[in-house]
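Asks: Kindly return the folded structure for what I paste below:
(chains A and B)
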Amino acid sequence: MKSDIARRDFVKLATAAALTAGTGNWEAALAAQQKAAPGPDAAERDLVMLALDAVKSAGASYADVRITRGNTELVATRERQITNVSMSETYGIGVRALVGGSWGFAATRDLSKDSVTATAKRASAIAAGNDKINPVKTTLAPVNKFPDARWITPHEVDPFTIPIEEKAALLFKTNEEALRVKGVRFVTSSISSIRDSRLLGTTEGSLIQQTFLRMGPNVNVTAISADNADFQTRNASIAPRGAGWEYVIGLQLSENVLRWAEEAAAKLTAAPAQPGVWDLVLHPSHLWLTIHESIGHPTELDRAMGYEANFAGTSFLSPPEKVLNKFKYGPPLMNIVGNRTEPGGCSTCGWDDEGVPAQSWPIVDKGIFVNYQTTREMASWISNLTKVRGSLGTAYGQDWASIPFPRMPNVSLKPNPQNLSDEEVIAATNRGIYIEGDGSYSIDQQRYNFQFGGQVFWEIKDGKRTRMLRDVAYQARTPNFWNSMALLGGQSTYRLGAALNDGKGQPQQLNAVSHGCPIALFRNVNVINTA
Amino acid sequence: MQNTSKTHGLSSGEARSLAQQILSYAKADHTRVNIASGVSGFTRSAMNRVTTSGETTNVTVRITSVFGKRIASVDTNRLDVTSLQKAVREAEALARIAPENPEYLPELGEQKYLDVNSYYPSTGDLTTESRAQAAALGIKAAEAAKFVASGFIDVSAGSDAVATSNNLFGYHSGTGVASTLTIRSTDGLSSGWAGDEGADWNTIESDRIAQDALRKCRDWHGKTALDPGKYEVVLEPSAVGMLLSRMMGAFDARQADEGRSFFAKHGGGNRVGEKLFDERVTITSDPVEKNAETSPFTNAGLPVQRQVWVEKGVLQSLAYSRFWAMKQGVVAKAGPSNFIMSGGEASLEDLIRSVRRGVLITRFWYIRGLNPRVISFTGLTRDGTFFIENGKISRPVTNFRFNQSLAELLANVEILGRPTRVAADESGSAGTPVVVPALKIREFTLSSVSDAI
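Replies: Just a heads-up that it's a prediction; the model follows:
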């Protein structure tokens, strides 16, 4: 069953990646992107320098300045009509200053020289005010300087060069195909195209211009029972991607929507899930979100240390000295990497928002927890345990108006070295439920207890996928769940899932992040019926 | 937020003049301008210190251009003449090529709006120093008890305006502030939370927040197991607000008429007029509600009025977009801009006293939709969960995941407390105003235990 679409999509992505950012040769990819990427605008560079001078004169021992320009284009439809055509741009400057050992931040959309100078001074003044009452002083891990660095997301076709009509036509064709299926009454579809260019300057001499392209397509089909008493939706769970328009073309939406529509209609008459203990086979279009919530978030060092206690929460992986190199996250077949160099990843970059180069590092090695995600501020907190002195490069601010802080990189589960297929993994259970697509998701503030739904569910009997089920969700405790992982698919089953809206921080900021994984089998998981 | 008494955001005159400037560049059949402007400021603390603090000023303009039934919009925050002209040209170029939207109705002309002044200088004039002093109250309370404080104070002050080429102009200015605090024990075995939200900083009780969070952290220490199951629960007002405000989107006529909602009638139509909940349940929204004010117009310029959604358990009305209203032959009605639930006179202690065997819940976390057919949600309890036996809190207990239909919850209301504005947004920012009472509910589904603290 795995979707043809995903398979084609993977092949397409892999081809693009081999040309530009293959995993095996990041340095070559970086050099290629340095050549391909636009350099800084002279006026913007002058403003960054002006702000850096002003913030230093105002007493900052360190500062970074970001001018960002975010452009989002949205084309959205329902059935045979357009519901939204919009472009948005947000442009401004943000200054983060360290005075004494405390942070201050100020930002403005007004890019006049006077305003930029005043904003820089304001950031410094806020930092100085905080420093008066702060008992603990922030120090930063060292980083090399990059005085003329550039990066652009590897892509073939800039999505902003594709006319709106073409995007709308693709969506209408997709909707029309869905509406051919009996019982399907509603379909919404949309394409978001995102360009985020950011110029970073630091008082340590880095000047880094980066341009990120991201695509966010979505298709959602609703079927309604003849008597109006029931309705079911099938979201296509299409992953956003760090890529250009070629990604959307490769999805073959109008061909694949037929299957999604048929599944929406089939859900109306699917058998109700029997609550109890089941083996689960989780497709990457579902498993990515479980990885995000139960591995991505608890391995953020700021959470583990209490910095997010008032909102996102803390982590069961704490204190570091008790869990690093000791905690058994899962079986020896479990290998998790933090990876800002993942081809197509939404969090893939050349440098982070503190000028730290993109990198890849093990978080779980053969089932053992070996490292967190860090920034320059956090690196020294655990360097005696990890022997890693520098930042792992996870600083990110949503835009010019937002202070950078630790955000999740792409966090991915490595595939089985043996290239097992989907069918071979499904064949490894006699009684299970196979789940595709991400549905309702919720996890506690220390990332123990979670509950995940999905989009479509099938019963597995004697190693074969059989009838469709509905209203399935599973509840588990993170360490128990990952230690129940029994089998992984191989590289050919590996796909990226992603979110453009991962929320964290106060004020809340959104981060775009991907998670790669193969298909995987978990034994004896508690399933509930959500009807 | 600097030491100034200037009102933040564009004034009515400035907004009108900017809108007119933009409209003067327009060549489309219809044009609408939305302007949002102002300042936001925050102070964050964690590990008993201020970790970050900052301020951002911005003005965002949305230009919506229409040719016939072709419509498109452009957002920008670049306000120089060249950029604004470019934005208008872009919106018009997009609109010309956008496929027709058969549901589009011409822009509104002049409207009469409620007079809402929700700009409180106490909030608009709040300085970084005052925020830091308020944060310090929580830190000091935690330090004195050898606990650890993490908090967030979020402030916004500014204005919104809408104008159309049909002479509509609406302006509203307002402020919002939320202050939340989590105090954890240093051994990591307990956590307590408290928070306030309002339009007026003078209603934020920083001392009480510090004392409440500290008390919860102390009282919750030593939690023990309790089996999952259906329990009587007492939900504190914050817990009620976090959960019930999720219903706001369900009060929509089109979703119901199209068969995609709890309010859909089997066989077609909707359930307005049916008694669906306990007779003490009354839910309204009102832009002039004190300290919970909202804009008196929608982005499209539709007036927002006081509205009764549920009265004495009976579904009274649903929101109608202009298109759906036309199609159904009724008057367009904006959806709820805030969430106000009527209450009773009972104190929280009264509610607890009435419980023979149940659970007291301080607040919820990670609430996500499960099944829109019954408006059900999942999520977890957090920062203070207690077992009640024979009218008294007997012991702190573990957190739970719940799976609960809100429709069922509103049918199972037993006692209502006094309504109050609550910090209902999980992120701790000042959001949609929510005014709700504490509630005693029977048969609330606590479906599994969470080890989280």
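
Asks: all strands of the stretch 151-300 of chain B, in order?
Replies: Using DSSP state E, counting those that start in this stretch, the strands of the stretch 151-300 of chain B run over B:169-185, B:191-198, B:229-235, B:283-285.

Asks: out of the ones you listed, nearest to chain A?
Replies: strand B:169-185 (4.3 Å; Cβ to the nearest Cβ). Placement of C-beta: from N, CA and C, glycine included.

Asks: Using CSV, lay out the strands of the stretch 151-300 of chain B together with mean pLDDT.
Replies: Putting these into CSV (pLDDT from 0 to 100) gives the following:
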stretch, mean pLDDT
strand B:169-185, 98
strand B:191-198, 98
strand B:229-235, 98
strand B:283-285, 98
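
Asks: will you turn those strands into JSON lines that also has mean neighbour count and distance to chain A?
Replies: What follows is the strands of the stretch 151-300 of chain B, written out as JSON lines (neighbours: other Cβ atoms under 10 Å in any protein chain shown; distance: least, Cβ to the nearest Cβ, whole Å):
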{"stretch": "strand B:169-185", "mean neighbour count": "26", "distance to chain A": "4"}
{"stretch": "strand B:191-198", "mean neighbour count": "26", "distance to chain A": "7"}
{"stretch": "strand B:229-235", "mean neighbour count": "22", "distance to chain A": "14"}
{"stretch": "strand B:283-285", "mean neighbour count": "23", "distance to chain A": "24"}
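
Asks: In a markdown table: these, plus distance to A:Val85.
Replies: Shown next, in a markdown table, are the strands of the stretch 151-300 of chain B (distance: least, Cβ to Cβ, whole Å):
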| stretch | distance to A:Val85 |
| --- | --- |
| strand B:169-185 | 24 |
| strand B:191-198 | 35 |
| strand B:229-235 | 43 |
| strand B:283-285 | 30 |
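
Asks: quick one: buried residues of whatever helix or strand A:Lys267 lives in?
Replies: Per DSSP states H and E, A:Lys267 falls inside helix A:253-268. Residues of helix A:253-268 classed as buried: A:253-254, A:256-257, A:259-268 (neighbour count, 16 or more other Cβ atoms under 10 Å in any protein chain shown).

Asks: C-terminal to it, what's the next element?
Replies: strand A:271-272.

Asks: near chain A, which residues of the stretch 201-350 of chain B?
Replies: Within reach of chain A by Cβ under 8 Å from any Cβ of the partner chain, the stretch 201-350 of chain B has these residues: B:258-260, B:264-268.

Asks: ignore the last one, the stretch 351-453 of chain B
Replies: B:365-371, B:373, B:376, B:378-380, B:382, B:399, B:401, B:403, B:426-429, B:447-453.

Asks: what about burial for those residues, which qualify?
Replies: Counted by 16+ other Cβ under 10 Å, those give B:365-368, B:370-371, B:373, B:376, B:378-380, B:382, B:399, B:401, B:403, B:426-429, B:447-450, B:452-453 as buried.

Asks: In a markdown table, list the buried residues of helix A:253-268 along with pLDDT and distance to chain B.
Replies: Below are the buried residues of helix A:253-268 laid out as a markdown table (pLDDT from 0 to 100; distance: Cβ to the nearest Cβ, whole Å):
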| residue | pLDDT | distance to chain B |
| --- | --- | --- |
| A:Leu253 | 98 | 17 |
| A:Ser254 | 96 | 16 |
| A:Asn256 | 98 | 22 |
| A:Val257 | 98 | 18 |
| A:Arg259 | 98 | 22 |
| A:Trp260 | 98 | 17 |
| A:Ala261 | 98 | 16 |
| A:Glu262 | 98 | 19 |
| A:Glu263 | 98 | 18 |
| A:Ala264 | 98 | 12 |
| A:Ala265 | 98 | 14 |
| A:Ala266 | 98 | 17 |
| A:Lys267 | 97 | 12 |
| A:Leu268 | 97 | 12 |
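
Asks: Show me how chain B divides into domains.
Replies: The record's domain parsing of chain B by automatic domain parsing lists B:12-212, B:217-244+B:343-450.

Asks: Please enumerate the strands of the stretch 351-453 of chain B.
Replies: Under DSSP E, counting those that start in this stretch, the stretch 351-453 of chain B gives strands at B:357-371, B:376-389, B:392-396, B:399-405, B:413-416, B:420-421, B:434-436, B:439-450.

Asks: No more questions from me, cheers.
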